[in-house]
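Asker: next input, structure requested:
(2 chains)
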Number of protein chains: 2
Amino acid sequence: MASSLLTRQLAVSLQQNLRLAAPGSRYVSKTATKTVSEFEYDTPSMKTAVPGPKSQELMRQLGEIQNVGAIHFFCNYEESRGNYLVDVDGNRMLDVYTQISSIPIGYNHPALMKVMTNPNNVSAFVNRPALGILPPENFPDKLVESLLTIAPSGMTRVQTMACGSCSNENAFKSMFIWYRNKERGDTNPSAEEIGSCMINQSPGCPDLSILSFMGAFHGRTLGCLATTHSKAIHKLDIPAFDWPIAPFPKLQYPLEEFARENAQEEARCLEEVEDLIMKWRQKGKPVAGIVIEPIQAEGGDNHASPDFFIKLRNIARKHGCAFHVDEVQTGGGATGKFWAHEHWGLDDPADVVSFSKKMLTGGYYHRDELQADKPYRIFNTWMGDPSKNLFLSEVLNVIRRENLLEEVTRSGKALLQGLYALQTQYPHILSRARGQGTFCAIDACDDATRNSIMMKARNKGAFLGSCGERSIRFRPSLVFKEYHVHQLLNILNDVLTEHE
Amino acid sequence: MASSLLTRQLAVSLQQNLRLAAPGSRYVSKTATKTVSEFEYDTPSMKTAVPGPKSQELMRQLGEIQNVGAIHFFCNYEESRGNYLVDVDGNRMLDVYTQISSIPIGYNHPALMKVMTNPNNVSAFVNRPALGILPPENFPDKLVESLLTIAPSGMTRVQTMACGSCSNENAFKSMFIWYRNKERGDTNPSAEEIGSCMINQSPGCPDLSILSFMGAFHGRTLGCLATTHSKAIHKLDIPAFDWPIAPFPKLQYPLEEFARENAQEEARCLEEVEDLIMKWRQKGKPVAGIVIEPIQAEGGDNHASPDFFIKLRNIARKHGCAFHVDEVQTGGGATGKFWAHEHWGLDDPADVVSFSKKMLTGGYYHRDELQADKPYRIFNTWMGDPSKNLFLSEVLNVIRRENLLEEVTRSGKALLQGLYALQTQYPHILSRARGQGTFCAIDACDDATRNSIMMKARNKGAFLGSCGERSIRFRPSLVFKEYHVHQLLNILNDVLTEHE
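Answerer: As a prediction, this is how the structure comes out:
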């Protein structure tokens, strides 16, 4: 029934848009004052319902080669600018999802275009090196001037990787190696370990585990997937390790209003964490590391307090587990600090912080102790991609030059206030507005309503992402200004008015 | 003792080179007729022992940030050309390792430089899309004109990924999904499956396995690593799945001379494969797929006959297991065919063929049946990188235009003949010369001698890779001509003469 409701709503929405599009007109929401950089467009501009006819034809073509069930529409990246994503049917949308949160400073930023046209950079694109054996001359310098300038507190070392999953897989490996080396002390691996590891058996391949949280998302390769618990479709039919899974606090929002209840809920979860660590040790599968997102993103934008994370870090320390903060989605500035976990004020830094997405390169920072003791233990052919480091350097320059973290804080405040206002105005539809910086979310009353709101907003020119069971997640780039916030809020308001 | 011998040999070698380098001279081997493209250098040119002082200083710097134990030297990629890799100390080496076999047509190939300077391509580099949800307009076309033109027989579909490990991880997932869907028939996943998969338990996360071979290398993320059995250092301390591992045939070379013995050895291994499939089914961990390299590369360049692979494919078919050919290292033309498994003449094509390295993008081809039935089952943020597809298109153009597969066959024949001649001349040092195309290898009498030969060859201007316990692997790019073969053989001959 929910599904047929959605279908009806969709049909209405499509008709409206076709009607709007008919005289070649465009749907433009009321807009606030313009303060946007000159290279960008001013407003969304819609010509067809989305996906339009060209996108549909391309979907049919690609469907011959791949599963296209997840594709929203096809894009004209050449014409996209800043916060505006242009599709192949000429629709121009305010992009509040930014390629699953992976575009740091908008489309075709002039500073990034320049990286491409600088003749000194050509070789980095054309000759991709095996970084672990034959790095380019400028590799140490590039790391120092890009990744190390934003290293989280306590992190002295960084290893680049190609993507988020590879980053987490290798971060897990570095925790396993660290844990076993700690157990082994000064002795070398035994002949039995060396022999048994070749055939996947302990003690060489030990029964160690990583503790993760229900609702977590850490990637989809087999190691990562064993710590991912956001949606069944990600995990169904894939073998997994028997690793412990703790409850993530289910908090009530706004956090300030439910401080006591939330503290109780967090205490319950932390108690469970300690129980699981003990249980898995008794099972003979000790917890080598704990992995957690500062905000569970894919799982529904679930927050927890700094106090929760500080106590969790202490539990990891107490039980000899490494503490891994997965900043693949939260990192890169969207929360108003470069790393979301900087909001916690940890005295005792994390052991590992992994990243990807907005950082353009994957990788992880770690403390000295987490450095693998021998070469080839953490290794693969490419170990990242220096051409991505070039773009990252320039992104960091832009962030500094344009004070983008301050901008994010300002835009984020406006966005969250706007979401509060909307949920007050439409309490039967919206609830649980929450966020840090522009890393915000709001819940619809159910899945079908959430999807309908998103579809209608898209047809009016605001492209959004979903997460969890009924949340809309806001993931604009760092150049999303108050001006864009108001554009978005106006569109949402229009959608909700019609929805009533 | 072996190690102190190596040290002495190294010292001698270093002295010789320092002496050679002293008057600013360069070491140039006797060379054959020149037939190389105009953009390339003619010869190696050595100025210091390798690693030289600049490389050593950079290693010290990078050592503050990462483990540098695997680094050979630092490179000047701007100055590298074609088959010649230039290091930061001005040494120019004939590159017979090509970034672990991942440079398809040499350094700074003019055709690839052009990709960079074509303004139509800028956007593909600057705006990396989430390909699974928002592909660029030209994405289907680009797949059709690049990856699909070289699709192995029976493969109608292709999924790009960022690297080799991610390709194999996702290929494994597609086999697990296919296997469970087959078992399930027309019924939907049960509520119990949906529920249990969220907590890593069966039946939702079933106890399925992938059968791999001793000596195999399929990557280092946790799923891949459970099928990798080439070196203990890759696997030590990392938890693994209890999956079956069959013996890979240990053949005698030259293959033609030991046809009967080799056929017996292959029959033994195939029998073991069937036994393992039965055993693991009885254990409740049925084999969903078999993964194998056409030539075990990292594990020591171990070959098997077409007959072995055809029979293995039949066994997979008979027991309902998917058959996955891992062409990450063998694919892309180095064996003289685009895919090494094309040498087998399979009537019944493989189910999955994975690739990366020389293909510049990772990914895997598969049959229709291996297509995941629902979106988001095979998925991640980037799903590859369209900018790598642009380079691949151009690489394929060059391969066709310059008939590089024929060239590889010609150079490969010269290389293998040369290796046969060397092992006849130095039978106490070298043995087991083997290869297909330029994808060749030869064994030294022991690990220390192998390393000493490689080190000396490097100091004379030929950069080589190792594999297995005492093999040297030859992995030149596809523009490695007979001229370069003779250059290499002359250097090896000089090294071996001195070694005596």
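
Asker: OK, contacts around residue A:325?
Answerer: Residue A:325 is in contact with A:152, A:291, A:292, A:293, A:294, A:339, A:341, A:350, A:352, A:353, A:354, counting by CB atoms under 8 Å, 6 or more residues apart in numbering or on different chains. Any C-beta I mention is one placed from the backbone N, CA and C, and that applies to glycine too.

Asker: surely the second one is in contact with residue A:328?
Answerer: No. Under the criterion of CB atoms under 8 Å, residue A:291 lies out of contact with residue A:328, with a separation of 10.9 Å.

Asker: neighbour-wise, which of the two wins?
Answerer: Shown here are residue A:291 and residue A:328; by other CB atoms under 10 Å in any protein chain shown, residue A:328 has more neighbours (30 against 26).

Asker: pull the number of nearby residues for the closest residue to residue A:468 other than its chain neighbours.
Answerer: Computed as CB to CB, 6 or more residues apart in numbering or on different chains, the closest residue to residue A:468 that is not its neighbour in sequence is residue A:300, at 2.1 Å. Neighbourhood size, residue A:300 [other CB under 10 Å]: 23.

Asker: ok, residue A:413 next?
Answerer: By other CB under 10 Å, neighbour count at residue A:413 equals 16.

Asker: which elements pack onto the strand or helix carrying it?
Answerer: Assigning secondary structure by DSSP states H and E places residue A:413 in helix A:404-425. In terms of contacts (3 or more CB pairs under 8 Å, 6 or more residues apart in numbering or on different chains; DSSP states H and E), helix A:404-425 is packed against strand A:430-436, strand A:439-444, helix A:482-499.

Asker: could you measure from residue A:474 over to residue A:207?
Answerer: Residue A:474 is 41 Å from residue A:207, where distance means CB to CB, to the nearest Å.

Asker: give me the beta-bridge partners of residue A:440?
Answerer: Residue A:440 has these beta-bridge partners by DSSP bridges: residue A:435, residue A:474.

Asker: so for residue A:186, what's the pLDDT?
Answerer: At residue A:186, the pLDDT value in this model is 87.

Asker: cool, the one 3 residues further on as well?
Answerer: According to the per-residue confidence, residue A:189 scores 97 in pLDDT.

Asker: what's the answer for residue A:4, then?
Answerer: At residue A:4, pLDDT is 36.

Asker: check residue A:439 too.
Answerer: At residue A:439, pLDDT is 98.

Asker: residue contacts, it?
Answerer: A:295, A:301, A:330, A:334, A:335, A:340, A:412, A:474, A:475.

Asker: any stretches of the stretch 1-150 of chain A with poor pLDDT?
Answerer: Residues of the stretch 1-150 of chain A meeting the criterion pLDDT under 70: A:1-38.

Asker: all the strands of chain A, residue numbers only.
Answerer: In chain A, the segments counted as strands under DSSP state E are A:84-86, A:92-95, A:157-161, A:209-213, A:245-246, A:287-292, A:322-326, A:352-355, A:362-366, A:430-436, A:439-444, A:462-463, A:465-467, A:471-474.

Asker: list the contacts of the fifth one.
Answerer: Contacts of strand A:245-246 with the rest of the structure, by CB under 8 Å, 6+ apart, involve A:211, A:212, A:213, A:214, A:229, A:269, A:272, A:273, A:276, B:199, B:200.

Asker: can you do 6 Å?
Answerer: Applying CB atoms under 6 Å, 6 or more residues apart in numbering or on different chains, the set of residues contacting strand A:245-246 from outside is A:212, A:213, A:214, A:229, A:272, A:273, A:276, B:199.

Asker: same question for the second one.
Answerer: Counting contacts by CB under 6 Å, 6+ apart, the residues outside strand A:92-95 that touch it are A:44, A:45, A:83, A:84, A:85, A:86, A:461, A:462, A:463, A:487.

Asker: dump that strand to CSV, restricted to CA.
Answerer: What follows is strand A:92-95, C-alpha atoms only, in CSV (Å, rounded to 0.1, in the frame of the first residue of the first chain):
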residue,chain,number,x,y,z
ARG,A,92,20.2,22.1,-13.2
MET,A,93,19.9,21.0,-9.6
LEU,A,94,21.2,22.4,-6.3
ASP,A,95,23.3,19.4,-5.3
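
Asker: pull out the buried residues from it.
Answerer: Within strand A:92-95, the residues that qualify as buried are A:92, A:93, A:94, A:95, counting by 16 or more other CB atoms under 10 Å in any protein chain shown.

Asker: excluding chain neighbours, give the residue nearest to the second one in space.
Answerer: In this structure, residue A:93 finds its nearest non-sequential neighbour in residue A:463, 4.3 Å apart by CB to CB, 6+ apart.

Asker: pLDDT value on that neighbour, please?
Answerer: Looking at residue A:463, the pLDDT reads 98.

Asker: isn't residue A:197 right up against residue A:205?
Answerer: Yes. In this structure, residue A:197 is within contact of residue A:205 by CB atoms under 6 Å, at 5.1 Å.
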